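> with the sequence up front, the predicted model follows.
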Amino acid sequence: MKQDILRYLGYQVDSVVDERTNLLIDKALYEVEAISEFKYIYRRFEKPLPFMSHPAYLQYFQTEEISEAYLLVATTLGIQIDRYLQRLTLQDMAYAAIFDTAANVCLETKADEYEKSLEYKNLGFRFCPGYGGTPLTDNQEIARLIRADRIGISFLQSGLMVPLKSMVGIVKIGGAALKTCEGCVAQGSCGYRKRGTFCYSEH
């Protein structure tokens, strides 16, 4: 997870990381683990839903008509992470940035691990609204369909998800779990590619 945090913070693969930054990352990972309350919920669907007509969703399923089964998922680290991060921003902005990134990476990692424990084989990677220009409002539709409120996820009037360290998305059944730059729907506007790196642990 540390390498993912460094990448999200803007470090290159061959960057030299100072001891203080390393210690702060270790501290952040420890505190996120201690404070977070990871929860995950999902529901299986067999047919496409109306909002899935966006080209990026079709590309994710690699078909003109979504016919494969898939999961709608939602996951969160809980509200305590948000509250602690709010206090940090008033006390130490530098550490708050590292803690924020560590929480994001922790949420993604825990969700990945949870999905590996499911009975479904060959799950695709998690596609979240916002990728490839898909509307962020799809977050609310997915959350509504699977009752994400049961794990404490809600939305402000602005559309912002609460807790902030929450995520909803789609996981296709019968896909390849590995992410690749070539198959990514966001490759045309990817900031990582522009910096000569990538957003995941392995090519």
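Yes, it's here. Numbers count the residues shown, from 1 in each chain.

> helices of this structure, start to end?
2-8, 19-35, 55-61, 79-91, 93-116, 138-145, 191-194 (DSSP state H).

> what about residue 147, how many residues close to it?
By other CB atoms under 10 Å, the residues close to residue 147 number 12. Using the backbone N, CA and C atoms, a C-beta is placed for each residue, glycine as well.

> give me the distance between it and residue 101.
30 Å (CB to CB, to the nearest Å).

> could you do residue 3 as well?
Remark: distance between residue 3 and residue 101 (CB to CB) = 12 Å.

> re earlier: nearest to residue 48, out of the helices of the chain?
Set against residue 48 and scored by CB to CB, those come closest in helix 55-61, at 8.0 Å.

> does residue 115 really touch residue 125, like I thought?
No: assessed by CB atoms under 8 Å, residue 115 is found out of contact with residue 125, at 9.1 Å.

> can you check the pLDDT for the spatially most central residue of the chain?
For the chain, the residue nearest the mean C-alpha position is residue 108 (4.8 Å; CA atoms, centre = their mean). With respect to pLDDT, residue 108 scores 96.

> where does the chain dip in pLDDT?
Applying pLDDT under 70 to the chain picks out residues 13-14, 175-203.

> burial of the residue lying closest to residue 52 once chain neighbours are set aside, as a residue count?
By the measure of CB to CB, 6 or more residues apart in numbering, the closest residue to residue 52 outside its immediate chain neighbours is residue 66, 5.7 Å from it. Neighbour count for residue 66, taken as other CB under 10 Å: 21.

> and the gap between residue 66 and residue 127?
Note on residue 66: its distance to residue 127, by CB to CB, is 12 Å.
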